[in-house]
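**Q** Give me a 3D structure for the following:
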Amino acid sequence: MKKLFLIIPAVIIIIVVALGSQTDKENTKSEPFFHVTLASPELYDNGIYLSQFFLEKGEYFFRFVPNGDSPQNLTISLVGDDFEFSENFKLIGTLHKTGISEYYTWDYDGDKSFLISTQKEISIQINPNGNVRGSVSVDILRK
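**A** Numbers count the residues shown, from 1 in each chain. Alright, predicted model coming up:
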């Protein structure tokens, strides 16, 4: 009986540690490698946002947090050694109707995935095509 009282807490501790370890891996995976919230004209240089960062080898994707005032077209270009990606994302509103209200959710339509073959420094250009007052957040995450 005494052995049972020792074994049960040990098993519980092992399960908790294993679950905690898995949660840490999932949280690390979802952290953006790049993030910017463009909500002010001062963030742009001649109407274009520019930045540089490093990416490891892997598959990545864009995640956006737009709203109805976000730029209708958002052109994003990534350039690195032996690497180029460019996409003209288009803002799409989806109407949702409930029994008592109607509302829109917003997202950008376009190719959101890209592959990096080796670690490299990436230059990013985000062009809101003239709408430097509409806010949008842009993240790059690893798949």
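**Q** With residue 105 as the reference, measure out to the residue nearest to residue 122 when sequence neighbours are not counted.
**A** Closest residue in space to residue 122, ignoring its immediate chain neighbours: residue 80 at 4.6 Å, by CB to CB, 6 or more residues apart in numbering. For glycine as for every other residue, the C-beta is placed from the backbone atoms N, C-alpha and C. Separation of residue 80 from residue 105 (CB to CB, to the nearest Å) stands at 33 Å.
**Q** which of the two has more neighbours?
**A** residue 80 (19 against 12; other CB atoms under 10 Å).
**Q** can you tell me which residues contact the more buried one?
**A** 55, 116, 120-123 (CB atoms under 8 Å, 6 or more residues apart in numbering).
**Q** between the residues you listed, which is nearest residue 133?
**A** The closest of the contacts of residue 80 to residue 133 turns out to be residue 123 (CB to CB; 24.5 Å).
**Q** Now do the strands in the protein.
**A** Counting by DSSP state E, the chain has strands at residues 34-38, 49-55, 58-65, 73-80, 83-97, 102-109, 113-116, 120-127, 136-142.
**Q** Give the other helices and strands that the longest one contacts.
**A** If I follow you right, that is strand 83-97. If you count contacts as 3 or more CB pairs under 8 Å, 6 or more residues apart in numbering; DSSP states H and E, strand 83-97 packs onto strand 73-80, strand 102-109.
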